[in-house]
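> predicted model and sequence follow; I will ask about them next.
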Amino acid sequence: MTERQADQAASGTISMWDAEALRALVRDVPDFPQPGIIFRDITPLLAHAAAFRAAIDAMAAPFQDISIVVAIESRGFILGAPVAYKLGAGLVPVRKVGRLPSATIREEYALEYGVNTVEMHSDAVKPGERVLIVDDLLATGGTVRAAINLVERLGATVVGVSVLAELSFLHGRERLKGYRVSSLIVY
């Protein structure tokens, strides 16, 4: 796809919902962060103003009446903040251990190439709040599942999960059964 076609797709001239137009702006980086992994680099899509706007609009569109967007470190922050703005919701970060300044709750999870732990402030969401989880990528589902667990431990309701891209061959959706999952680009 040419740059002009990507501009047309992202601006709505073709269709702002065209996943292939957005996918064309995602760069594959082989052997990162380790041999055998193909990293899906979204920075070219983020740098393309019209495509970035179309992606944010599409990530927010399926969801209504959201009180809090929970964004997962780190690329989830880039997407979660404008999605929260679009939905008129607050924004709560889920971060790696030791990066939040106040009392936290933790959740350990497995990813496609290791184990990690994330935290959220223990007062970040309130019982009954309607939460949308946002991240850049759904792979094995471990990170998103950890974020869901944190939110639910605090009594809030996870309304859905919105991701830019999904690696379907890693079956991350299986860990998220019972939750509405929206992904724009599927590999």
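Done, it's in. Numbering: from 1, shown residues only.

> tell me the buried residues in stretch 43-51?
L45, L46, H48, A50, A51 (16 or more other Cβ atoms under 10 Å). Every C-beta, even on glycine, is put in place using the N, C-alpha and C of the backbone.

> go ahead and confirm A156 touches I133.
No: assessed by Cβ atoms under 8 Å, A156 is found out of contact with I133, at 10.7 Å.

> now do the contacts for the residue lying closest to F169 once chain neighbours are set aside.
In space, and not counting its chain neighbours, F169 is closest to Y187: 7.2 Å by Cβ to Cβ, 6 or more residues apart in numbering. Residues counted as contacts of Y187 (Cβ atoms under 8 Å, 6 or more residues apart in numbering) are R40, A165, E166, L167, S168, F169.

> make a PyMOL selection of whichever of the residues you listed turn out to be buried.
Buried subset of the contacts of Y187, written as a PyMOL selection, criterion 16+ other Cβ under 10 Å:
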select buried, resi 40+165+166+167
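
> sort out for me which of the contacts of Y187 are in strands.
Taking DSSP state E, the ones among these that sit in strands are R40, A165, E166.

> of these, which is the nearest to I105?
E166 (26.6 Å; Cβ to Cβ).

> quick one: pLDDT of the closest one?
On pLDDT, E166 comes in at 97.

> I'd say it and G172 touch.
Yes: between E166 and G172 there is a contact under Cβ under 8 Å: 6.8 Å.

> good, we can wrap up now.
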